[in-house]
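In: curious how this folds, go ahead:
(one chain, ligands or ions: 1)
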Amino acid sequence: MTIRLDGNQTANALMNTLQGQVAALKTAGVVPGLAVILVGDDPASAIYVRNKRRRAAAIGVASTVYTLPATATQAELLAQVAALNADPSVDGILVQLPLPPQIDAAAVIVAIAPDKDVDGFHPVNVGRLWTNTPGIVASTPYGIMALLHAYGIHVAGLHAVIVGRSNIVGRPLAGLLLNHDATVTIAHRQTAGLAALTRTADLLVVATGQANLITADMVKPGAVVVDVGMNRDAAGKLTGDVDYAAVAPKTRAITPVPGGVGPMTIAALMMQTVALAERRANG
Ligand code: NAD
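Out: Take a look at the predicted model:
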């Protein structure tokens, strides 16, 4: 029997717990604050920001969006980040990517105070992850770990193959899995013999943006498969990077798209925002 790793259900349960934590914080006089900086009018970014705000509001996290025009300068953006770094009511700062071409995204990320860097992209947090010390971790990998945990899937000793090496998914997930005692292999566009490699995976995570890249012959029977991909097919329907219908019957557990990793990403953002507010409350 294949287990469907239900991200909606798991995220909702986590959000219920968070709601209680936020209520407790409020009685202690602390309202968790999430600041989102949105530059320009990219429609996909606007949707992502709206979803994050909606989920924040649902659990009582105060979120504020700081919108800058597409023509904003690097200096204007850095000034906004500096103001939020200095604002004690702000626990987490998130700069919605992508940024317009005149902005140096890496310089903006480095300007965020590491202990408010709720996306976990600051090199200090990346360093903390890779030295296995406490820090803020990118939301998508954090959400994947929370989903596996919720279903009692222990990664220690498993061979995890991650397809995709981005800074927001593949690399930080490799760090987390290593910290949880998995044996980790990262594959990418230049990897030779991808199918032979993925067939050795006890845990296969795919984050490439290539619809149906992973076919049934590429998966070891009984593997756990996590599909991070979000692609639109010709009809506009959301699909993942895994051929779900063919692959699912071979697996021990698999995430659907939609309803798998996506909802867990926002839940992870909220978990870390609330954790930062709890740290503030505890002085
Ligand atoms: P990216 O474009 O930054 O990186 C893609 C990675 O996949 C690269 O490392 C590349 O080498 C690898 N790759 C591409 N084609 C490949 C192939 N044929 N064989 C092997 N490796 C290949 O992507 P990203 O930002 O990490 O996002 C990946 C996917 O995950 C996208 O579909 C994105 O929309 C989705 N995503 C979903 C969530 C979520 O919350 N569900 C969050 C982030 C990203």
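
In: and the chain, which of its residues are near the ligand?
Out: Residues of the chain lying close to the ligand by C-beta under 6 Å from any ligand atom are 140, 163-166, 168-170, 187-189, 191, 194, 207-210, 213, 228-231, 261-262, 265. In short, each C-beta sits where N, CA and C put it, glycine included.

In: could you turn the buried ones of these into a ChimeraX selection?
Out: Those of these that count as buried under 16 or more other C-beta atoms under 10 Å are selected in ChimeraX with:
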select :140,163,164,165,166,168,169,170,187,194,207,208,213,228,229,230,231,261,262,265
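
In: from the residues of the chain next to the ligand, which land in strands?
Out: 163, 187, 231 (DSSP state E).

In: can you put the residues you listed in TSV and add pLDDT and distance to residue 58?
Out: Output for these, formatted as TSV (pLDDT from 0 to 100; distance: C-beta to C-beta, whole Å):
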residue	pLDDT	distance to residue 58
163	99	33
187	99	37
231	96	28
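
In: who's in contact with the residue of the stretch 1-150 of the chain found nearest the ligand?
Out: Using C-beta to the nearest ligand atom, the closest approach of the stretch 1-150 of the chain to the ligand is made by residue 140 at 4.2 Å. Residues counted as contacts of residue 140 (C-beta atoms under 8 Å, 6 or more residues apart in numbering) are 168, 169, 173, 207, 228, 261, 264, 265, 268.

In: check residue 37 too.
Out: By C-beta under 8 Å, 6+ apart, the neighbours of residue 37 are 65, 66, 68, 77, 80, 81, 84, 93, 94, 95, 96.

In: one more time with 6 Å, if that's ok
Out: Residue 37 sits next to 66, 80, 95 when contact means C-beta atoms under 6 Å, 6 or more residues apart in numbering.

In: cool, and residue 207?
Out: Counting by C-beta under 6 Å, 6+ apart, residue 207 has contacts 164, 169, 170, 228.

In: from those, which two are the most distant?
Out: 170 and 228 (8.7 Å; C-beta to C-beta).

In: returning to what we had before: so which of the contacts of residue 140 sit within helices?
Out: 173, 261, 264, 265, 268 (DSSP state H).

In: I'd like those laid out as CSV, including pLDDT.
Out: Formatted as CSV, the ones in helices among the contacts of residue 140 follow (pLDDT from 0 to 100):
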residue, pLDDT
173, 99
261, 98
264, 98
265, 97
268, 98
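
In: you'd agree residue 99 is up against residue 40?
Out: No: between residue 99 and residue 40 there is no contact under C-beta atoms under 6 Å: 7.8 Å.

In: higher neighbour count, these two?
Out: residue 99 (23 against 17; other C-beta atoms under 10 Å).

In: excluding chain neighbours, what is closest to that one?
Out: Of all residues not flanking residue 99 in the chain, residue 105 sits nearest, at 4.9 Å (C-beta to C-beta, 6 or more residues apart in numbering).

In: can you get me a residue count around the one you found?
Out: With other C-beta under 10 Å as criterion, residue 105 counts 16.
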